[in-house]
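Colleague: Here is a sequence with its predicted model. Questions after.
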Amino acid sequence: MNRLLNWLDRRTGFRRIIEYALYENIPGGARWRYVWGSTLVFCLSVQFMTGLFLWMSYSPSSQTAWESVYYIQNEMTGGWLLRGIHHFTASVMNVLLVLHLMQVVIDGAYKAPREINFWFGLGLLLLVLGLSLTGYLLPWDQKGYWATKVATNIMGIVPLVGPALQRLVIGGPDYGHYTLTRFFALHAGVLPACVIALLVWHIFLFRRHGITAKDPNRKPDEYFWPDQVLNDAVACLAVLATVLFLVLRPWMFHTGEDLGAELAAPADPSETYSAARPEWYFLFLFEFLKFFPGGTEIWGAIIIPTFVMLIIFLMPIIGRWRLGHRFNVGLSLSLLAGVIFLTFLAMTKDKRDPAYKIAVEEARREADRVKALARSPLGIPREGAVTLLRNDPLTQGPKLFAKNCAGCHRYDGRDGMGNSLKESPSASDLKGFASRAWLAGLLDPQRIDSPHYFGATKFKDGKMAKFVKKDVAGFSDEQKTQLNKIIAALSAEAELKSQRDADRRDAALIAEGKTLIAGDSMRCSECHQFHKPDEDASAPDLTGFGSRDWLMNFIANPAHARFYGKRNDRMPAFGADKVLDDHAIGLVADWLRGDWYDPSPELPLAKQGPF
């Protein structure tokens, strides 16, 4: 064995390299304050290794990026763990960078002859922040897309070169495929290469000038091996434990969140995203910019940060003055306190902001929904995952209802998105429309003229309301039984998914109800048409009442002769007037009817637990 090692040493000199690495002199002996550099190298190594494996399954295009990250997160064995380690190590690394910078400033390790190494360290700090920013976009989800768009818009306000620089970075006039590929090239190629180059020089200069020890005479000098190596190893293990805790926290505390890193809904430029926020380590800048409204934002985004970075860059020169070191330490502590305060302020404001809470909840629902759709038998279509939500009634129906219908109607007393409205409804509440329960309420003498149905419309004094309040109120028990059959039969016309079992079970009762509707005994045919032409009909056609076709045609043009005709009460003709196209009308109709994909109760791997 010795002969082999001697042969290898003669050709590589590995023993000298090991001795050079392990027997560095440490003035004043091993200390815990010296672990920050080693932990940063450890984090960087973890990032490179996990990033390489993520790269193997990542497809950098605007149509495939989210899909590939979804595959990593939910389908690839251990993918959620790999992605979680990569994500949270980036967060921990930013904390360690700040701690390392503070240790360097407090110990005066920026002073001559270490000025250049200090500047290299600042360059590494900026490069790591650049890695964090570019990596944020790569999942191509709503959260990363809109946060990155805000960040690059700041670039556009740089005097003279701002617009050109922004266009260069995003790859054109707007965000899209080229934006993603450029950010990926920066994140996986350019920036890591720059980090490695600077890190090599940083370590070389550090070994050349040695450690600047605070109180070096506290105890005798020691070699890097073994005490400092042990300290560094313990610190790296603590970092790894922290990262794993953050990755597994949802499983440990049963928060219901995905294990590993969050994956929001696919990026969709056509949809606003009010829950957009930068990662927590950029929150201080996000909050700081709020102090500079309108045209003054250049001060908060460009001028002041540039001035601060210039002062930090000049610390080695400022430190030569008699009180320079104290100034540098005081400035560093003040900046750290300001960053912490602004971050805390931003988080506190978000916690107290009802609109932001609603936006976060909506974003969470959409993220869960798109993952459920991706797991459906149809999977992700060729057009990309973004079309899953665009064509999903459960996602788009409430939005379209809130925008176009909630001015008059309500859905369970709200606007469809769960928001309460100050104005009173002026049309019926459409939750459960055409269901047996909804029709039973419509034919209830106590409820038909309530705000839930006709109470705020001109029909509250119409023939239907008068018939229900006068005639139905006096029905005998036998007539009430017949009325229930009519309700079941009329509801069956809608073929609601939620009532399929009941409709099959009550087939005979429904058949009797249809006969009663078409007959004269219950007086339905006096006004309504039902499965046969009736030129004298003066009320909406009950043929297929509440079905998808019936509802879409009604929304498209309620003033059609088949429905209310000239008696229509204010309801717009959304289709005839081209307010909504057939696709959008279909989404609203399907949502009101409950026709959407209902995933199985089985949880995805990322929510089942790691073992």
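Modeller: Received the coordinates, thanks.
Colleague: Spit out the contact partners of residue 273.
Modeller: Contact analysis of residue 273 by Cβ atoms under 8 Å, 6 or more residues apart in numbering lists 142, 143, 145, 146, 359, 363. C-beta here means a position set from N, CA and C on the backbone, and glycine is covered the same way.
Colleague: Once you drop chain neighbours, what's closest to residue 207?
Modeller: The shortest distance from residue 207 to any non-neighbouring residue, by Cβ to Cβ, 6 or more residues apart in numbering, is to residue 24 (6.6 Å).
Colleague: Give the burial count for the one you found, as a bare number.
Modeller: For residue 24, the count of nearby residues is 16 (other Cβ atoms under 10 Å).
Colleague: if I look at it, how far off is residue 38?
Modeller: Distance from residue 24 to residue 38, counting by Cβ to Cβ, to the nearest Å: 12 Å.
Colleague: just the strands in the stretch 201-350 of the chain please.
Modeller: Applying DSSP state E, counting those that start in this stretch to the stretch 201-350 of the chain gives strands spanning 222-223.
Colleague: residue ranges of the helices in it, please?
Modeller: For the stretch 201-350 of the chain, the helices defined by DSSP state H, counting those that start in this stretch cover 229-253, 283-288, 297-298, 304-313, 315-318, 324-352.
Colleague: Tell me who's in contact with the most centrally placed residue in the chain.
Modeller: Closest residue to the average C-alpha location of the chain: residue 264 at 3.5 Å, with Cα atoms, centre = their mean. By Cβ under 8 Å, 6+ apart, residue 264 lies in contact with 139, 141, 142, 143, 144, 363, 366, 367.
Colleague: How about residue 242?
Modeller: Taking Cβ under 8 Å, 6+ apart as the test, what residue 242 contacts is residue 92.
Colleague: Give me the spatial nearest neighbour of residue 560, chain neighbours excluded.
Modeller: For residue 560, the spatially nearest residue (Cβ to Cβ, 6+ apart) is residue 553, at 7.0 Å.
Colleague: In the strand or helix carrying the one you found, which residues are buried?
Modeller: Under the criterion of DSSP states H and E, residue 553 resides in helix 548-556. Going by neighbour count (16 or more other Cβ atoms under 10 Å), the buried part of helix 548-556 is 548, 550, 551, 552, 553, 554, 555, 556.
Colleague: Ok, stretch 402-412 next?
Modeller: Result for stretch 402-412 [16+ other Cβ under 10 Å]: buried residues 402, 404, 405, 406, 408, 409, 410, 411.
Colleague: Give me the subset of the residues you listed that lies in helices.
Modeller: Using DSSP state H, 402, 404 are the members of the buried residues of stretch 402-412 that sit in helices.
Colleague: Among the buried residues of stretch 402-412, which pair sits farthest apart?
Modeller: 404 and 410 (13.4 Å; Cβ to Cβ).
Colleague: show me the contacts for residue 358.
Modeller: Residue 358 touches 417, 418, 419, counting by Cβ under 8 Å, 6+ apart.
Colleague: Which one (most neighbours) among those residues?
Modeller: residue 417 leads those on contacts (other Cβ under 10 Å) with 16 neighbours.
Colleague: what's the helix or strand for it?
Modeller: Counting by DSSP H and E, no helix or strand carries residue 417.
Colleague: Sketch out the strands for the protein, chain order is fine.
Modeller: Secondary structure of the chain (DSSP state E): strands at 25-26, 222-223.
Colleague: Deepest-packed of those, please.
Modeller: The highest average neighbour count among these, using mean count of other Cβ atoms under 10 Å, belongs to strand 222-223 at a mean of 16.
Colleague: give me the number of residues near residue 56?
Modeller: Residue 56 has 8 nearby residues by other Cβ under 10 Å.
Colleague: and if you look at residue 497?
Modeller: 13.
Colleague: show me the contacts for it.
Modeller: 593, 594, 595.
Colleague: want to throw those into a markdown table with neighbour count, distance to residue 260 and pLDDT?
Modeller: Listed next are these as a markdown table, based on neighbours: other Cβ atoms under 10 Å; distance: Cβ to Cβ, whole Å; pLDDT from 0 to 100:
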| residue | neighbour count | distance to residue 260 | pLDDT |
| --- | --- | --- | --- |
| 593 | 23 | 37 | 95 |
| 594 | 18 | 33 | 93 |
| 595 | 19 | 33 | 91 |
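Colleague: Using CSV, please lay out the residues you listed together with distance to residue 87.
Modeller: Formatted as CSV, the contacts of residue 497 follow (distance: Cβ to Cβ, whole Å):
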residue, distance to residue 87
593, 40
594, 37
595, 37
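Colleague: any idea which of the residues you listed is closest to residue 345?
Modeller: residue 594 (43.2 Å).
Colleague: gap between the closest residue in space to that closest one that isn't next to it in sequence and residue 571?
Modeller: Using Cβ to Cβ, 6+ apart and skipping the chain neighbours, the partner closest in space to residue 594 is residue 498 (5.2 Å). Note on residue 498: its distance to residue 571, by Cβ to Cβ, is 25 Å.
Colleague: Go ahead and confirm residue 524 touches residue 542.
Modeller: Yes - taking contacts as Cβ atoms under 8 Å, residue 524 lies within contact range of residue 542: 7.2 Å.
Colleague: the more surrounded of those two?
Modeller: residue 542 (23 against 19).
Colleague: For the more buried one, give me its contacts.
Modeller: Applying Cβ under 8 Å, 6+ apart, we find residue 542 in contact with 490, 493, 517, 524, 528, 529, 530.
Colleague: Residue 207: how many residues sit nearby?
Modeller: 12.
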